[in-house]
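Chemist: Predicted coordinates and the sequence they were generated for:
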Amino acid sequence: MRTRRAFALPISALAALATGLTAPGPLVGRSICHEPFEGVRAPDTVYLLATPRGDTVPDPVGEADFGQLADVSRIGGVGTEDVATEDVVVIVPWGFDEDCRPIAWTGSWLWASVGTRGFYRGQLRPRSAWIDDHPTFDVHAAVWEGFPASPWEHPMSTGRPHLSAEQLYDLYDRLPTAAAIASRPYGAVSDLVEWRRAADDLAEAYPARMMLLSAFRMAETARVRSTRLPFGGTYRIRVEGEADTLATFLLRTGYVGTEPLASADAEAGQVPTAPRPADTYSAAVALGDIPLDLTLREDSGNPSICVRALGLRAEAAEFTPEDASRGWHAELAPSFVAACFADVETLRNLRHAEPTPEPVDTGTGLAADSAAARLPGAFRQETDGRFTFHQAAALADGTPVELVGDRIGMDTLPPPPVVPEAVP
């Protein structure tokens, strides 16, 4: 069989700031152009509490035209050992274009609120690039900096209480790096857990809420992406009717999970005091003409393979059919199969065995909330050691069918990066 549609494999890495003398490196993630606070910080980011002066100085070293003098009261980050709190520093502003790439600042030279202490982030230049021998910082996406008196209003802050600059500094000082989360998902956010438990209602203020939720979600996602799926591999799936096999196709799962799946109610409620371990999560799955020796890459461009997320639940102890020793609840969305095999009549007519609630807009095809606990299929390890897949389904006319698969190879899809791209 040939498939006609391809889906992009959802693999993306968290962008890190790169040190440079002429222009700052890539912005952290993509959201900083729209919303600046996330749950991680780049390892070379310097953060400070500073009170800008009404004085500016030209920049003879870099591509920026000028910088603004400021007095520092607190400073943190790698490489700041030689910067004293009594120092006068230079903060150099940068803008960004429509693709979030840094560009020279085009606004007022007195861009930072004079006489107002604010929270700033940037990169400390090497001493050879300091302006007038003052410690010099390139401040990325300067419209957001100097919080809470930033040049632009923060889009998610309307109608909500704010942290003070000092409170934001204390919280930001506890943020982990992406590498730390990848190494120890829960250990990396332990300082944030401590802050959250002591903060009480302060955790709901802007931008604490989004920073905590982002960090906790990244930690839980890293845990899921580090968890091996015992049933992972390549399966031959048969669509079994009452009397015969109506169609077949190949399915390949990922080696690990990809995303924790939480209900909308959980996301809208209070900030949790720690990451919420998810018992429902997704994994990558590919359908189509998959050679058993294929290593699927993000840039493979193979038009005969569809890639999407597969809904899963953690191993359930109550799942004990007579012919299986272990099982994992799962759902292969019939709409996904139908879209991949639009030229195969039986497959394009696949439907759920019975009506289900509208799916959450997560790109997984999973039904919402409690419906996720009723996933209609399962991967099973049979008593003889074989791994199989079973799921009830129906055709468009209501005829019941069953998707039945046997693992025929150990090849899996490549894993996504342990730490996902930051989510605001």
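Modeler: That came through fine.
Chemist: alpha carbons only for contacts and neighbour counts from here, please
Modeler: Will do.
Chemist: Now do the helices in the stretch 101-250 of the chain.
Modeler: Applying DSSP state H, counting those that start in this stretch to the stretch 101-250 of the chain gives helices spanning 165-172, 178-183, 190-199, 208-225.
Chemist: so the last one versus helix 165-172, what angle?
Modeler: In this case it means helix 208-225. 10 degrees (axes from the mean of the first three to the mean of the last three CA atoms, to 10 degrees).
Chemist: what about dumping the CA coordinates of helix 208-225 to PDB?
Modeler: Below are the C-alpha coordinates for helix 208-225, written out as PDB (Å, rounded to 0.1, in the frame of the first residue of the first chain):
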ATOM      1  CA  ALA A 208       5.200  33.200  38.400                       C
ATOM      2  CA  ARG A 209       2.200  31.100  37.400                       C
ATOM      3  CA  MET A 210       3.400  30.600  33.800                       C
ATOM      4  CA  MET A 211       7.100  30.100  34.800                       C
ATOM      5  CA  LEU A 212       6.100  27.400  37.300                       C
ATOM      6  CA  LEU A 213       3.700  25.600  35.000                       C
ATOM      7  CA  SER A 214       6.300  25.700  32.200                       C
ATOM      8  CA  ALA A 215       9.100  24.300  34.400                       C
ATOM      9  CA  PHE A 216       6.900  21.600  35.900                       C
ATOM     10  CA  ARG A 217       5.600  20.500  32.500                       C
ATOM     11  CA  MET A 218       9.100  20.400  31.100                       C
ATOM     12  CA  ALA A 219      10.200  18.200  34.000                       C
ATOM     13  CA  GLU A 220       7.300  15.800  33.600                       C
ATOM     14  CA  THR A 221       7.800  15.700  29.800                       C
ATOM     15  CA  ALA A 222      11.500  14.900  30.400                       C
ATOM     16  CA  ARG A 223      10.400  12.100  32.600                       C
ATOM     17  CA  VAL A 224       8.000  10.700  30.000                       C
ATOM     18  CA  ARG A 225      10.600  11.100  27.300                       C
END
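Chemist: And for that helix, what's in contact with it?
Modeler: 37-40, 163, 168, 171, 175, 181-182, 185-186, 188-189, 192, 196, 202-203, 256-260, 271-272, 274-278, 281, 415-420, 422-424 (CA atoms under 8 Å, 6 or more residues apart in numbering).
Chemist: one more time with 7 Å, if that's ok
Modeler: Outside helix 208-225, the residues within contact range by CA atoms under 7 Å, 6 or more residues apart in numbering are 37-40, 181-182, 185-186, 203, 256-260, 271, 274-275, 277, 418-420, 423-424.
Chemist: do the second one as well
Modeler: With CA under 7 Å, 6+ apart as the contact definition, helix 178-183 has outside contacts at 40, 188, 219, 222, 418-419.
Chemist: quick revisit: out of the helices of the stretch 101-250 of the chain, which is the most enclosed?
Modeler: Sort those by mean neighbour count, taking mean count of other CA atoms under 10 Å, and helix 208-225 sits at the top with a mean of 26.
Chemist: okay, who's weakest in the contacts of helix 178-183 by pLDDT?
Modeler: The member of the contacts of helix 178-183 with the lowest pLDDT is Val419, and it reads 83.
Chemist: circling back to that earlier point, in strands only, show me the contacts of helix 208-225.
Modeler: If you go by DSSP state E, the contacts of helix 208-225 have 259-260 in strands.
Chemist: Flag the shaky bits of the stretch 301-424 of the chain, pLDDT-wise.
Modeler: Filtered on pLDDT under 70, the stretch 301-424 of the chain yields the residue ranges 301-305, 314-324, 355-374, 420-424.
Chemist: for it, what spans make up the strands?
Modeler: Secondary structure of the stretch 301-424 of the chain by DSSP state E, counting those that start in this stretch: the strands cover 305-313, 324-331, 351-352, 377-382, 387-394, 400-409.
Chemist: and if you look at the stretch 51-200 of the chain?
Modeler: Assigned by DSSP E, counting those that start in this stretch, the strands in the stretch 51-200 of the chain fall at 66-76, 88-96, 102-104, 118-124, 136-139.
Chemist: and the nearest residue to Pro176 once chain neighbours are set aside, what does it touch?
Modeler: Nearest residue to Pro176, sequence neighbours excluded (CA to CA, 6 or more residues apart in numbering): Val40, at 5.3 Å. By CA under 7 Å, 6+ apart, Val40 lies in contact with 175-178, 215.
Chemist: For the residues you listed, give me CSV that also has pLDDT and distance to Arg125.
Modeler: CSV is the format used below for the contacts of Val40 (pLDDT from 0 to 100; distance: CA to CA, whole Å):
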residue, pLDDT, distance to Arg125
Leu175, 96, 22
Pro176, 96, 22
Thr177, 93, 20
Ala178, 92, 22
Ala215, 95, 28
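Chemist: Would you mind measuring the gap between the ends of stretch 170-184?
Modeler: End-to-end span of stretch 170-184 (CA to CA, to the nearest Å): 22 Å.
Chemist: do the same with stretch 169-183
Modeler: By CA to CA, one end of stretch 169-183 lies 25 Å from the other end.
Chemist: Distance-wise, check Tyr47 relative to Phe216.
Modeler: The gap separating Tyr47 from Phe216 is 21 Å, by CA to CA.
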